[in-house]
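Peer 1: fold the stuff below for me.
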Amino acid sequence: MTPLCDLGRRLATDTRAVIAGPLGPGQHQSATGTPGYHADRCEQDPRFLGWSGPGLLGLAGLTGVRTVHHAGEPGEDDMVSQASASRHVLSDAVAGRAVDGAVAEAQAMGVPVTITVVDDGGNLKAMRRMDRAPLVSVQTAHNKAYAAAAIGMPVDDFFEAIEDDAAAVASFASRPGLALIAGGVPLLADGEVIGGLGVAGAMTAADDRRIAEAGAGQASS
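Peer 2: Residues are numbered from 1 along each chain as shown. From the prediction side, this is the model:
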């Protein structure tokens, strides 16, 4: 069982920690939730292919279920609250560097595009529509960025992993605001997904991805 699936199993079965109401005295909350976890499906679920660490939105933040630990209470889930307390956050400065890096690459290529950066919750952090970038690129870039943050890997790589599964393709194709097209890449900090960057407007998908990767490279520098 992959570490991510094992984490889901423990969160789903730890009945002492799952609550839905307000926090009580002496309690603290971790940011991790479990999206209708099913142990028999996790290992085969394409959303988890090749994923082995915390911070991927395939598991965290997809439901309102919260894990709560009483202060000072030991347990195997302590690692979850510790990881949540030290999680990385996408800053304005990093988002700006990502956009500037993508714009520089697009200018060098002579390609007008739109670049969008979202945080790990899919919230807009930065956006630049270059002169002459097509209007349709604005929404497409946002959808690519959101998909990259939600999935935690380049979106076209994810599509290649599921394209032989008609049911999976149909499921993701029907989700609003999700574009599995080249040009969406995750932004990482110490291997943890902190957001996504989307690029749209180039004449080829390969150019969109090249520009997106240049932006992501600047964000991590």
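Peer 1: sheet partners, orientation included, of the longest strand seen in the chain?
Peer 2: If you go by DSSP state E, the chain has its longest strand at strand 192-200. Strand pairing for strand 192-200, using DSSP bridges, gives strand 114-119 (antiparallel), strand 184-189 (antiparallel).
Peer 1: what about the last one, average pLDDT?
Peer 2: What it means is strand 184-189. Throughout strand 184-189, pLDDT has a mean value of 96.
Peer 1: right, and residue 149 touches residue 116 too?
Peer 2: No. With contacts counted by Cβ atoms under 8 Å, residue 149 stays clear of residue 116, the gap being 10.6 Å. All C-beta atoms are positioned from the backbone trio N, CA, C, and that covers glycine.
Peer 1: C-terminal to the longest strand of the chain, what's the next element?
Peer 2: Next helix or strand after strand 192-200 toward the C-terminus (DSSP states H and E): helix 205-219.
Peer 1: who are the packing partners of that next one?
Peer 2: helix 92-109, strand 114-119, strand 184-189, strand 192-200 (3 or more Cβ pairs under 8 Å, 6 or more residues apart in numbering; DSSP states H and E).
Peer 1: got the end-to-end distance for stretch 199-213?
Peer 2: Terminal residues of stretch 199-213 lie 9 Å apart, using Cα to Cα, to the nearest Å.
Peer 1: now do the buried residues in that stretch.
Peer 2: Of all the residues in stretch 199-213, those buried under the rule 16 or more other Cβ atoms under 10 Å are 199, 200, 201, 202, 207, 208, 209, 210, 211, 212, 213.
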